[in-house]
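K.L.:
How does the following fold in three dimensions:
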Amino acid sequence: SAAEVEVSTYDDLKKAIDNASDEMTIKLGNDLELKEDTQSIEINDSKKITLLGNGHTIKFTGKENGITVSGKDTSLTLGGDDAGKLVISGPDADKPNVDPKNPETIENVKYEDTSREAPLINVKDDAALTMNDGVTLTDNWMAANWAKLQVNGVHRYHGGGVYVEGGSFTMKGGTVKRNSADWGGGVFIASDGKFTMSGGSIEGNVSSWGAGLCVMSSTADISGNAKVDGNRAMGYKYKDGNNEVIHSAIGGGIALMGAMPYGDNNFTNGDGALTIKDSASVSNNICCGDTKRNANNWGGGIGIAGSGKTGSVPALTLNINGGGVSVYCSSATGGTESGASSNFSAEVKINMTNGEISGNKVNYKGGGVDLNGEFISFGSGNAASSAVFHMSGGKISNNEAIGYQASNNNRPDSTCTGGGVNLWGSDNNQFYMTGGEISGNKAVKGGGVHISDESWSKGDSIAALLGGVIQDNRAIYGPPDRDEKSTSNNYYGNE
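P.N.:
Here you go, the predicted model:
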(Lines give C-alpha, C1' and ligand atoms only; values in the text may rest on other atoms or scores of the structure.)
Protein backbone atom coordinates (compact mmCIF):
# COMPACT_ATOMS: atom_id res chain seq x y z
CA SER A 1 0.00 0.00 0.00
CA ALA A 2 1.01 3.61 -0.52
CA ALA A 3 2.96 5.37 2.20
CA GLU A 4 1.04 8.07 4.12
CA VAL A 5 2.22 11.29 5.69
CA GLU A 6 0.52 14.35 7.20
CA VAL A 7 2.00 17.78 6.50
CA SER A 8 1.34 21.18 8.09
CA THR A 9 3.81 23.45 6.24
CA TYR A 10 4.93 24.04 2.67
CA ASP A 11 8.41 22.73 3.47
CA ASP A 12 6.94 19.49 4.82
CA LEU A 13 4.75 19.11 1.73
CA LYS A 14 7.67 19.66 -0.63
CA LYS A 15 9.85 17.24 1.33
CA ALA A 16 7.17 14.54 1.26
CA ILE A 17 6.83 14.81 -2.53
CA ASP A 18 10.60 14.94 -3.08
CA ASN A 19 11.13 11.85 -0.92
CA ALA A 20 8.31 9.80 -2.48
CA SER A 21 9.77 6.82 -4.29
CA ASP A 22 6.56 5.80 -6.04
CA GLU A 23 3.08 6.05 -4.47
CA MET A 24 2.45 8.49 -1.65
CA THR A 25 -0.71 9.71 0.14
CA ILE A 26 -0.33 13.17 1.66
CA LYS A 27 -2.84 14.58 4.16
CA LEU A 28 -3.02 18.28 4.99
CA GLY A 29 -2.90 19.13 8.67
CA ASN A 30 -3.24 22.91 8.19
CA ASP A 31 -4.32 25.53 5.69
CA LEU A 32 -1.37 26.62 3.53
CA GLU A 33 -1.02 30.09 2.00
CA LEU A 34 1.83 30.12 -0.51
CA LYS A 35 2.80 33.74 -1.17
CA GLU A 36 6.09 33.38 -3.06
CA ASP A 37 6.57 32.24 -6.64
CA THR A 38 9.22 29.86 -5.35
CA GLN A 39 6.51 28.11 -3.33
CA SER A 40 5.24 25.93 -6.14
CA ILE A 41 4.40 22.24 -5.99
CA GLU A 42 6.23 20.06 -8.54
CA ILE A 43 5.31 16.40 -9.14
CA ASN A 44 7.33 14.42 -11.69
CA ASP A 45 9.61 11.38 -12.13
CA SER A 46 6.69 8.89 -12.42
CA LYS A 47 5.53 9.63 -8.87
CA LYS A 48 1.92 8.92 -7.99
CA ILE A 49 0.68 11.35 -5.36
CA THR A 50 -2.73 11.40 -3.66
CA LEU A 51 -3.51 14.69 -1.87
CA LEU A 52 -6.22 14.67 0.81
CA GLY A 53 -7.53 17.92 2.25
CA ASN A 54 -8.99 16.94 5.60
CA GLY A 55 -11.03 20.14 5.36
CA HIS A 56 -8.04 22.39 4.56
CA THR A 57 -7.07 24.83 1.80
CA ILE A 58 -3.97 25.44 -0.32
CA LYS A 59 -4.05 29.07 -1.43
CA PHE A 60 -1.65 30.42 -4.07
CA THR A 61 -1.18 34.19 -3.81
CA GLY A 62 2.08 34.60 -5.73
CA LYS A 63 2.18 35.71 -9.36
CA GLU A 64 3.18 32.42 -10.97
CA ASN A 65 3.07 29.65 -8.36
CA GLY A 66 0.80 26.63 -8.58
CA ILE A 67 0.89 22.84 -8.98
CA THR A 68 2.69 21.23 -11.94
CA VAL A 69 2.32 17.55 -12.79
CA SER A 70 4.63 16.40 -15.59
CA GLY A 71 6.01 13.30 -17.28
CA LYS A 72 4.75 9.91 -18.37
CA ASP A 73 3.38 7.71 -15.55
CA THR A 74 3.29 10.71 -13.19
CA SER A 75 -0.08 11.34 -11.55
CA LEU A 76 -1.86 13.48 -8.98
CA THR A 77 -5.16 12.41 -7.40
CA LEU A 78 -7.12 15.05 -5.49
CA GLY A 79 -9.44 13.86 -2.72
CA GLY A 80 -10.88 10.47 -2.02
CA ASP A 81 -13.46 8.61 0.05
CA ASP A 82 -14.08 10.19 3.45
CA ALA A 83 -11.05 12.41 2.98
CA GLY A 84 -12.66 15.69 3.97
CA LYS A 85 -12.90 18.72 1.74
CA LEU A 86 -9.92 20.08 -0.19
CA VAL A 87 -9.87 23.61 -1.62
CA ILE A 88 -7.12 24.80 -3.98
CA SER A 89 -7.53 28.50 -4.64
CA GLY A 90 -6.02 31.65 -6.01
CA PRO A 91 -6.15 35.03 -4.28
CA ASP A 92 -9.29 36.37 -5.91
CA ALA A 93 -12.14 35.60 -3.52
CA ASP A 94 -12.94 39.33 -3.63
CA LYS A 95 -14.01 39.15 -7.29
CA PRO A 96 -17.79 39.43 -7.74
CA ASN A 97 -19.46 36.04 -7.80
CA VAL A 98 -20.68 34.68 -11.13
CA ASP A 99 -24.00 33.11 -10.23
CA PRO A 100 -24.44 29.93 -12.34
CA LYS A 101 -28.18 30.63 -12.39
CA ASN A 102 -27.64 34.17 -13.63
CA PRO A 103 -24.24 34.54 -15.32
CA GLU A 104 -24.99 38.15 -16.28
CA THR A 105 -24.08 39.12 -12.70
CA ILE A 106 -20.52 39.53 -14.04
CA GLU A 107 -21.75 42.45 -16.17
CA ASN A 108 -19.77 45.28 -14.58
CA VAL A 109 -16.53 43.44 -13.85
CA LYS A 110 -13.26 44.35 -15.54
CA TYR A 111 -12.11 40.77 -15.44
CA GLU A 112 -8.63 41.59 -16.76
CA ASP A 113 -7.76 43.34 -13.50
CA THR A 114 -5.60 40.69 -11.85
CA SER A 115 -1.94 39.94 -11.23
CA ARG A 116 -2.04 36.13 -11.51
CA GLU A 117 -0.16 34.56 -14.44
CA ALA A 118 -0.48 30.83 -13.78
CA PRO A 119 -3.21 28.19 -13.58
CA LEU A 120 -3.88 26.48 -10.29
CA ILE A 121 -2.81 23.13 -11.80
CA ASN A 122 -0.72 22.52 -14.93
CA VAL A 123 -0.67 18.96 -16.34
CA LYS A 124 1.74 18.23 -19.19
CA ASP A 125 3.95 15.72 -20.99
CA ASP A 126 1.60 12.70 -20.63
CA ALA A 127 0.99 13.18 -16.89
CA ALA A 128 -2.45 12.53 -15.36
CA LEU A 129 -4.72 14.42 -12.96
CA THR A 130 -7.77 12.86 -11.23
CA MET A 131 -10.26 14.91 -9.21
CA ASN A 132 -12.84 13.42 -6.84
CA ASP A 133 -15.84 14.65 -4.85
CA GLY A 134 -15.17 17.20 -2.13
CA VAL A 135 -12.48 19.08 -4.11
CA THR A 136 -12.87 22.71 -5.23
CA LEU A 137 -10.57 24.66 -7.57
CA THR A 138 -11.50 28.32 -7.30
CA ASP A 139 -10.76 32.06 -7.27
CA ASN A 140 -7.85 32.12 -9.74
CA TRP A 141 -8.31 35.09 -12.07
CA MET A 142 -5.60 35.37 -14.69
CA ALA A 143 -5.25 38.29 -17.07
CA ALA A 144 -7.78 38.30 -19.88
CA ASN A 145 -6.73 41.38 -21.77
CA TRP A 146 -4.75 41.06 -24.98
CA ALA A 147 -2.24 43.67 -23.89
CA LYS A 148 -1.36 41.46 -20.91
CA LEU A 149 -1.50 38.11 -22.67
CA GLN A 150 2.02 37.81 -24.03
CA VAL A 151 4.97 37.39 -21.68
CA ASN A 152 8.32 37.15 -23.46
CA GLY A 153 6.42 36.50 -26.69
CA VAL A 154 4.45 33.57 -25.29
CA HIS A 155 0.65 33.61 -25.26
CA ARG A 156 0.18 31.99 -21.88
CA TYR A 157 -2.99 32.80 -20.00
CA HIS A 158 -5.02 29.62 -20.40
CA GLY A 159 -6.87 27.36 -17.99
CA GLY A 160 -7.65 29.36 -14.87
CA GLY A 161 -8.38 26.20 -12.90
CA VAL A 162 -6.60 23.44 -14.85
CA TYR A 163 -4.30 23.68 -17.89
CA VAL A 164 -3.62 20.36 -19.65
CA GLU A 165 -1.14 20.20 -22.51
CA GLY A 166 -0.49 16.70 -23.77
CA GLY A 167 -1.77 15.02 -20.60
CA SER A 168 -5.08 13.89 -19.15
CA PHE A 169 -7.62 15.18 -16.63
CA THR A 170 -10.27 12.84 -15.21
CA MET A 171 -12.95 14.70 -13.26
CA LYS A 172 -15.12 12.30 -11.25
CA GLY A 173 -16.53 14.97 -8.94
CA GLY A 174 -15.81 18.26 -7.26
CA THR A 175 -16.16 21.78 -8.57
CA VAL A 176 -14.13 24.14 -10.78
CA LYS A 177 -15.59 27.58 -10.21
CA ARG A 178 -14.93 31.34 -10.24
CA ASN A 179 -11.75 31.22 -12.32
CA SER A 180 -10.74 33.38 -15.27
CA ALA A 181 -8.35 33.07 -18.22
CA ASP A 182 -8.24 34.14 -21.85
CA TRP A 183 -8.98 30.60 -23.10
CA GLY A 184 -10.62 28.04 -20.83
CA GLY A 185 -11.63 30.03 -17.77
CA GLY A 186 -12.24 26.81 -15.87
CA VAL A 187 -10.34 24.12 -17.81
CA PHE A 188 -8.11 24.25 -20.92
CA ILE A 189 -7.17 21.03 -22.80
CA ALA A 190 -4.61 21.22 -25.65
CA SER A 191 -2.11 19.28 -27.77
CA ASP A 192 -3.88 15.91 -27.93
CA GLY A 193 -4.91 16.12 -24.29
CA LYS A 194 -7.78 14.08 -22.88
CA PHE A 195 -10.57 15.27 -20.60
CA THR A 196 -13.06 12.83 -19.05
CA MET A 197 -15.82 14.25 -16.84
CA SER A 198 -18.33 11.88 -15.25
CA GLY A 199 -19.41 14.03 -12.30
CA GLY A 200 -19.01 17.35 -10.57
CA SER A 201 -19.47 20.80 -12.05
CA ILE A 202 -17.62 23.52 -13.96
CA GLU A 203 -19.48 26.71 -13.09
CA GLY A 204 -19.23 30.46 -12.83
CA ASN A 205 -15.96 30.80 -14.78
CA VAL A 206 -15.07 33.61 -17.18
CA SER A 207 -12.96 33.80 -20.35
CA SER A 208 -13.11 34.97 -23.95
CA TRP A 209 -13.02 31.46 -25.52
CA GLY A 210 -14.52 28.46 -23.74
CA ALA A 211 -15.44 30.04 -20.43
CA GLY A 212 -16.12 26.72 -18.75
CA LEU A 213 -14.02 24.38 -20.90
CA CYS A 214 -11.82 24.98 -23.95
CA VAL A 215 -10.83 21.85 -25.95
CA MET A 216 -8.11 22.55 -28.54
CA SER A 217 -7.14 19.68 -30.87
CA SER A 218 -7.99 17.29 -28.04
CA THR A 219 -10.85 15.08 -26.85
CA ALA A 220 -13.46 15.57 -24.15
CA ASP A 221 -16.08 13.09 -22.94
CA ILE A 222 -18.78 14.49 -20.60
CA SER A 223 -21.13 11.93 -19.09
CA GLY A 224 -22.97 10.83 -15.96
CA ASN A 225 -24.49 13.79 -14.13
CA ALA A 226 -21.63 16.18 -14.95
CA LYS A 227 -22.57 19.83 -15.39
CA VAL A 228 -21.00 22.75 -17.28
CA ASP A 229 -23.27 25.48 -15.98
CA GLY A 230 -23.46 29.24 -15.66
CA ASN A 231 -20.15 30.24 -17.26
CA ARG A 232 -19.65 33.43 -19.24
CA ALA A 233 -17.57 34.15 -22.34
CA MET A 234 -16.75 37.84 -22.76
CA GLY A 235 -15.00 39.56 -25.64
CA TYR A 236 -13.21 42.87 -25.40
CA LYS A 237 -11.41 45.56 -27.36
CA TYR A 238 -7.67 46.13 -27.16
CA LYS A 239 -5.08 48.41 -28.73
CA ASP A 240 -2.58 47.10 -31.30
CA GLY A 241 -0.43 50.15 -31.87
CA ASN A 242 -2.84 52.81 -33.07
CA ASN A 243 -5.47 50.28 -34.09
CA GLU A 244 -8.38 49.18 -31.96
CA VAL A 245 -9.06 45.47 -32.37
CA ILE A 246 -12.03 43.37 -31.28
CA HIS A 247 -11.17 40.12 -29.51
CA SER A 248 -14.34 38.07 -29.92
CA ALA A 249 -15.99 35.64 -27.52
CA ILE A 250 -16.68 31.99 -28.40
CA GLY A 251 -18.37 29.27 -26.35
CA GLY A 252 -19.95 30.45 -23.12
CA GLY A 253 -19.94 26.87 -21.86
CA ILE A 254 -17.50 24.98 -24.10
CA ALA A 255 -15.30 25.83 -27.09
CA LEU A 256 -14.09 23.01 -29.39
CA MET A 257 -11.23 24.29 -31.53
CA GLY A 258 -8.30 23.60 -33.79
CA ALA A 259 -4.92 24.94 -32.69
CA MET A 260 -4.27 28.67 -32.72
CA PRO A 261 -0.88 30.15 -33.75
CA TYR A 262 -0.43 32.89 -31.14
CA GLY A 263 2.88 34.12 -29.79
CA ASP A 264 5.60 31.48 -29.53
CA ASN A 265 3.12 28.78 -28.59
CA ASN A 266 3.42 25.62 -30.62
CA PHE A 267 0.25 23.79 -29.71
CA THR A 268 0.05 20.43 -31.44
CA ASN A 269 -2.62 20.72 -34.12
CA GLY A 270 -4.88 17.79 -34.86
CA ASP A 271 -8.39 16.48 -34.76
CA GLY A 272 -10.71 17.10 -31.83
CA ALA A 273 -13.91 15.61 -30.45
CA LEU A 274 -16.49 16.47 -27.81
CA THR A 275 -19.10 13.94 -26.64
CA ILE A 276 -22.03 14.71 -24.33
CA LYS A 277 -24.10 11.78 -23.08
CA ASP A 278 -26.13 10.25 -20.24
CA SER A 279 -27.57 13.00 -18.01
CA ALA A 280 -24.72 15.45 -18.50
CA SER A 281 -25.71 19.05 -19.18
CA VAL A 282 -24.31 22.24 -20.65
CA SER A 283 -26.74 24.83 -19.37
CA ASN A 284 -27.34 28.46 -18.54
CA ASN A 285 -24.07 29.67 -20.02
CA ILE A 286 -23.75 33.01 -21.77
CA CYS A 287 -21.60 34.52 -24.53
CA CYS A 288 -22.24 38.21 -24.76
CA GLY A 289 -19.26 40.30 -25.77
CA ASP A 290 -17.79 42.85 -23.42
CA THR A 291 -19.65 44.92 -20.87
CA LYS A 292 -20.29 47.64 -23.46
CA ARG A 293 -21.49 45.13 -26.09
CA ASN A 294 -18.52 46.03 -28.30
CA ALA A 295 -17.27 42.54 -29.16
CA ASN A 296 -18.81 39.76 -31.23
CA ASN A 297 -20.07 36.61 -29.55
CA TRP A 298 -20.47 33.11 -30.93
CA GLY A 299 -22.00 30.13 -29.17
CA GLY A 300 -23.66 30.69 -25.82
CA GLY A 301 -23.43 26.99 -25.00
CA ILE A 302 -20.97 25.34 -27.38
CA GLY A 303 -18.84 27.10 -29.99
CA ILE A 304 -16.74 25.28 -32.60
CA ALA A 305 -13.84 27.12 -34.25
CA GLY A 306 -11.42 25.67 -36.80
CA SER A 307 -7.66 25.97 -36.77
CA GLY A 308 -5.98 29.29 -37.46
CA LYS A 309 -2.77 27.60 -38.60
CA THR A 310 -2.00 27.96 -42.30
CA GLY A 311 -2.78 24.80 -44.27
CA SER A 312 -4.36 23.04 -41.30
CA VAL A 313 -7.86 21.54 -41.65
CA PRO A 314 -8.54 19.43 -38.55
CA ALA A 315 -11.59 17.20 -38.17
CA LEU A 316 -13.72 18.41 -35.25
CA THR A 317 -16.60 16.18 -34.12
CA LEU A 318 -19.42 16.93 -31.69
CA ASN A 319 -21.55 14.00 -30.50
CA ILE A 320 -24.74 14.70 -28.53
CA ASN A 321 -25.91 11.29 -27.34
CA GLY A 322 -27.86 12.38 -24.29
CA GLY A 323 -28.01 15.00 -21.64
CA GLY A 324 -28.93 18.56 -22.45
CA VAL A 325 -27.42 21.59 -24.12
CA SER A 326 -29.71 24.14 -22.53
CA VAL A 327 -28.06 27.50 -22.94
CA TYR A 328 -29.11 30.99 -21.99
CA CYS A 329 -27.92 34.08 -23.81
CA SER A 330 -29.33 37.54 -23.32
CA SER A 331 -31.55 38.66 -26.18
CA ALA A 332 -29.83 42.04 -25.96
CA THR A 333 -26.77 40.63 -27.67
CA GLY A 334 -25.82 38.94 -30.88
CA GLY A 335 -22.90 38.15 -33.12
CA THR A 336 -21.77 39.26 -36.55
CA GLU A 337 -19.02 38.01 -38.82
CA SER A 338 -15.47 38.92 -37.87
CA GLY A 339 -12.95 39.30 -40.65
CA ALA A 340 -10.18 38.19 -38.31
CA SER A 341 -11.86 34.79 -38.13
CA SER A 342 -12.28 34.14 -41.83
CA ASN A 343 -9.15 31.93 -42.06
CA PHE A 344 -10.34 29.38 -39.49
CA SER A 345 -10.59 25.96 -41.15
CA ALA A 346 -12.03 22.62 -40.09
CA GLU A 347 -14.07 19.68 -41.29
CA VAL A 348 -16.91 19.61 -38.76
CA LYS A 349 -19.30 16.74 -38.07
CA ILE A 350 -22.15 17.00 -35.58
CA ASN A 351 -24.05 13.86 -34.63
CA MET A 352 -27.17 14.14 -32.47
CA THR A 353 -28.75 10.81 -31.50
CA ASN A 354 -30.36 11.81 -28.22
CA GLY A 355 -30.45 14.61 -25.68
CA GLU A 356 -31.92 18.07 -25.98
CA ILE A 357 -30.90 21.53 -27.18
CA SER A 358 -33.33 23.90 -25.52
CA GLY A 359 -33.96 27.28 -23.98
CA ASN A 360 -31.48 29.28 -26.08
CA LYS A 361 -32.05 32.89 -27.08
CA VAL A 362 -30.23 35.05 -29.62
CA ASN A 363 -31.00 38.22 -31.53
CA TYR A 364 -29.32 37.01 -34.71
CA LYS A 365 -29.15 33.58 -36.35
CA GLY A 366 -29.63 30.08 -34.99
CA GLY A 367 -31.51 30.03 -31.70
CA GLY A 368 -30.66 26.35 -31.19
CA VAL A 369 -27.93 25.55 -33.73
CA ASP A 370 -26.27 27.84 -36.27
CA LEU A 371 -24.20 26.32 -39.11
CA ASN A 372 -21.93 29.06 -40.41
CA GLY A 373 -19.04 28.90 -42.85
CA GLU A 374 -16.75 30.47 -40.30
CA PHE A 375 -18.16 29.23 -37.01
CA ILE A 376 -20.74 26.83 -35.66
CA SER A 377 -22.64 27.39 -32.47
CA PHE A 378 -25.28 26.12 -30.12
CA GLY A 379 -27.33 28.99 -28.79
CA SER A 380 -26.53 32.66 -29.16
CA GLY A 381 -25.00 33.47 -32.46
CA ASN A 382 -22.43 31.80 -34.61
CA ALA A 383 -19.52 29.61 -33.72
CA ALA A 384 -16.45 26.38 -37.21
CA SER A 385 -16.17 25.98 -40.88
CA SER A 386 -18.84 24.40 -43.11
CA ALA A 387 -20.40 21.44 -41.38
CA VAL A 388 -22.40 18.26 -41.74
CA PHE A 389 -25.07 17.91 -39.04
CA HIS A 390 -26.82 14.53 -38.71
CA MET A 391 -29.85 14.47 -36.42
CA SER A 392 -31.29 11.00 -35.88
CA GLY A 393 -32.81 11.56 -32.45
CA GLY A 394 -33.13 13.98 -29.60
CA LYS A 395 -34.96 17.27 -29.48
CA ILE A 396 -34.31 20.90 -30.48
CA SER A 397 -36.98 22.89 -28.72
CA ASN A 398 -38.04 26.23 -27.28
CA ASN A 399 -35.17 28.24 -28.75
CA GLU A 400 -35.51 31.77 -30.11
CA ALA A 401 -33.85 33.88 -32.81
CA ILE A 402 -35.68 37.16 -32.47
CA GLY A 403 -34.43 40.73 -32.60
CA TYR A 404 -35.77 44.17 -33.41
CA GLN A 405 -34.50 47.15 -35.40
CA ALA A 406 -34.10 50.10 -33.06
CA SER A 407 -33.55 52.38 -36.07
CA ASN A 408 -36.82 51.26 -37.68
CA ASN A 409 -39.43 51.72 -34.96
CA ASN A 410 -38.39 48.42 -33.36
CA ARG A 411 -39.78 46.38 -36.23
CA PRO A 412 -38.76 42.69 -36.26
CA ASP A 413 -35.33 42.22 -37.82
CA SER A 414 -35.61 39.79 -40.75
CA THR A 415 -31.96 38.74 -40.39
CA CYS A 416 -32.93 36.89 -37.19
CA THR A 417 -33.48 33.45 -38.66
CA GLY A 418 -33.66 29.78 -37.73
CA GLY A 419 -35.27 29.42 -34.33
CA GLY A 420 -34.31 25.74 -34.25
CA VAL A 421 -31.57 25.35 -36.88
CA ASN A 422 -30.04 27.97 -39.17
CA LEU A 423 -27.75 27.26 -42.13
CA TRP A 424 -25.72 29.96 -43.81
CA GLY A 425 -26.50 29.43 -47.48
CA SER A 426 -23.13 30.20 -49.04
CA ASP A 427 -20.97 27.76 -47.10
CA ASN A 428 -22.05 24.30 -48.30
CA ASN A 429 -23.45 23.40 -44.89
CA GLN A 430 -25.55 20.23 -44.74
CA PHE A 431 -28.32 19.29 -42.31
CA TYR A 432 -29.75 15.76 -42.49
CA MET A 433 -32.70 15.00 -40.23
CA THR A 434 -33.73 11.35 -40.07
CA GLY A 435 -35.29 11.36 -36.61
CA GLY A 436 -35.89 13.40 -33.50
CA GLU A 437 -38.00 16.49 -33.07
CA ILE A 438 -37.72 20.23 -33.78
CA SER A 439 -40.55 21.98 -31.99
CA GLY A 440 -41.64 25.06 -30.13
CA ASN A 441 -38.92 27.29 -31.59
CA LYS A 442 -39.44 30.91 -32.63
CA ALA A 443 -37.73 33.26 -35.11
CA VAL A 444 -38.42 36.30 -37.21
CA LYS A 445 -37.99 34.01 -40.24
CA GLY A 446 -37.85 30.21 -40.24
CA GLY A 447 -39.14 29.16 -36.87
CA GLY A 448 -38.02 25.55 -37.34
CA VAL A 449 -35.22 25.26 -39.93
CA HIS A 450 -33.87 28.08 -42.08
CA ILE A 451 -31.35 28.48 -44.90
CA SER A 452 -30.15 32.07 -45.13
CA ASP A 453 -31.60 33.73 -48.19
CA GLU A 454 -29.88 37.12 -48.06
CA SER A 455 -28.27 37.92 -51.41
CA TRP A 456 -24.76 37.71 -49.94
CA SER A 457 -25.46 34.35 -48.31
CA LYS A 458 -27.14 32.32 -51.05
CA GLY A 459 -25.32 29.17 -52.12
CA ASP A 460 -25.15 25.41 -51.88
CA SER A 461 -26.22 24.64 -48.32
CA ILE A 462 -28.97 22.04 -48.00
CA ALA A 463 -31.45 20.80 -45.42
CA ALA A 464 -32.64 17.25 -46.11
CA LEU A 465 -35.65 16.56 -43.89
CA LEU A 466 -35.96 12.80 -44.27
CA GLY A 467 -37.61 11.85 -41.00
CA GLY A 468 -38.49 12.98 -37.53
CA VAL A 469 -40.98 15.67 -36.62
CA ILE A 470 -40.99 19.44 -37.17
CA GLN A 471 -43.98 20.99 -35.45
CA ASP A 472 -45.35 23.92 -33.49
CA ASN A 473 -42.59 26.34 -34.51
CA ARG A 474 -43.44 29.96 -35.19
CA ALA A 475 -42.04 32.74 -37.35
CA ILE A 476 -43.09 36.37 -37.57
CA TYR A 477 -42.44 36.36 -41.31
CA GLY A 478 -42.77 33.12 -43.24
CA PRO A 479 -44.86 30.71 -45.26
CA PRO A 480 -48.19 29.31 -44.11
CA ASP A 481 -48.29 26.82 -41.27
CA ARG A 482 -46.63 23.84 -42.91
CA ASP A 483 -43.52 21.75 -42.59
CA GLU A 484 -42.38 21.59 -46.20
CA LYS A 485 -40.00 24.04 -47.84
CA SER A 486 -41.55 27.26 -49.09
CA THR A 487 -41.59 27.58 -52.88
CA SER A 488 -40.32 31.15 -52.73
CA ASN A 489 -38.08 31.26 -49.67
CA ASN A 490 -35.34 29.07 -48.25
CA TYR A 491 -36.99 28.46 -44.94
CA TYR A 492 -39.14 25.76 -43.53
CA GLY A 493 -42.37 25.84 -41.48
CA ASN A 494 -43.91 26.56 -39.32
CA GLU A 495 -45.37 30.03 -39.39
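K.L.:
Let me know the distance separating Ile396 from Ser191.
P.N.:
In this view, Ile396 and Ser191 are 33 Å apart by C-beta to C-beta, to the nearest Å. The way it works is simple: take the backbone N, C-alpha and C, and place the C-beta from them, glycine included.
K.L.:
mean confidence score for stretch 80-95?
P.N.:
Mean pLDDT, computed over stretch 80-95, is 84.
K.L.:
Buried residues in that stretch, which are they?
P.N.:
Buried residues in stretch 80-95, counted by 16 or more other C-beta atoms under 10 Å: Gly80, Ala83, Lys85, Leu86, Val87, Ile88, Ser89, Gly90, Pro91, Asp92, Lys95.
K.L.:
need the residues you listed in TSV with distance to Val187 and secondary structure, can you?
P.N.:
As requested, the buried residues of stretch 80-95 are arranged in TSV below (distance: C-beta to C-beta, whole Å; DSSP: H, G, I helix; E, B strand; the rest coil):
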residue	distance to Val187	secondary structure
Gly80	21	coil
Ala83	22	coil
Lys85	20	coil
Leu86	17	strand
Val87	17	strand
Ile88	13	strand
Ser89	16	strand
Gly90	15	coil
Pro91	20	coil
Asp92	17	coil
Lys95	18	coil
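K.L.:
Asp94 looks like it's in a strand, true?
P.N.:
No: counting by DSSP: H, G, I helix; E, B strand; the rest coil, Asp94 is located in no strand; its state is coil.
K.L.:
Neighbour count for Ile396 and Ser191, which is higher?
P.N.:
Ile396 (32 against 20; other C-beta atoms under 10 Å).
K.L.:
tell me the SS of the more buried one?
P.N.:
Classification of Ile396 using three-state DSSP returns strand.
K.L.:
hang on, it packs against Ile357?
P.N.:
Yes: in this structure, Ile396 is within contact of Ile357 by C-beta atoms under 8 Å, at 4.8 Å.
K.L.:
who touches both of the two?
P.N.:
Here Ile396 and Ile357 share the contacting residues Gly368, Val369, scored by C-beta atoms under 8 Å, 6 or more residues apart in numbering.
K.L.:
Do me a favour and average the pLDDT over stretch 305-318.
P.N.:
Mean predicted lDDT for stretch 305-318 stands at 69.
K.L.:
can you start the count at 12 instead of 1 from here on
P.N.:
From this message on, residue numbering opens at 12, which makes the last subject stretch 316-329.
K.L.:
What is the end-to-end distance of that stretch?
P.N.:
12 Å (C-alpha to C-alpha, to the nearest Å).
K.L.:
cool, and stretch 128-145?
P.N.:
OK, stretch 128-145 end separation, C-alpha to C-alpha: 26 Å.
K.L.:
and what of stretch 191-210?
P.N.:
Terminal residues of stretch 191-210 are spaced 21 Å apart (C-alpha to C-alpha).
K.L.:
same thing with stretch 172-182?
P.N.:
End residues of stretch 172-182 are separated by 12 Å (C-alpha to C-alpha).
K.L.:
how far out from the middle of the chain is that stretch?
P.N.:
14 Å (C-alpha atoms, centre = their mean, to the nearest Å).
K.L.:
same check, this time on stretch 45-62
P.N.:
On C-alpha atoms, centre = their mean, the centre of stretch 45-62 falls 28 Å from that of its chain.
K.L.:
now it: mean pLDDT?
P.N.:
For stretch 45-62, the per-residue pLDDT averages 96.
K.L.:
quick one: contacts of that stretch?
P.N.:
Contact partners of stretch 45-62, identified using C-beta under 8 Å, 6+ apart, comprise 13, 21, 24-25, 28, 31-37, 39, 69-91, 97, 138.
K.L.:
Kindly state the beta-bridge partners for Val399.
P.N.:
Note on Val399: beta-bridge partners Lys360, Gln441, judged by DSSP bridges.
K.L.:
List the residues that contact it.
P.N.:
Val399 makes contacts with Val359, Lys360, Ile361, Asn440, Gln441, Tyr443, as judged by C-beta under 8 Å, 6+ apart.
K.L.:
Name the nearest of these relative to Thr147.
P.N.:
Using C-beta to C-beta, Ile361 is the member of these that sits closest to Thr147, with 32.9 Å.
K.L.:
for stretch 21-34, which positions count as buried?
P.N.:
Tyr21, Asp23, Leu24, Ala27, Ile28, Ala31.
K.L.:
Can you tell me the element the third one falls in?
P.N.:
Leu24 belongs to helix 21-30 when elements are defined using DSSP states H and E.
K.L.:
outside of that helix, which residues touch it?
P.N.:
Val16, Val18, Met35, Ile37, Leu43, Leu45, Gln50, Ile52, Glu53, Ile54, Lys58, Ile60.
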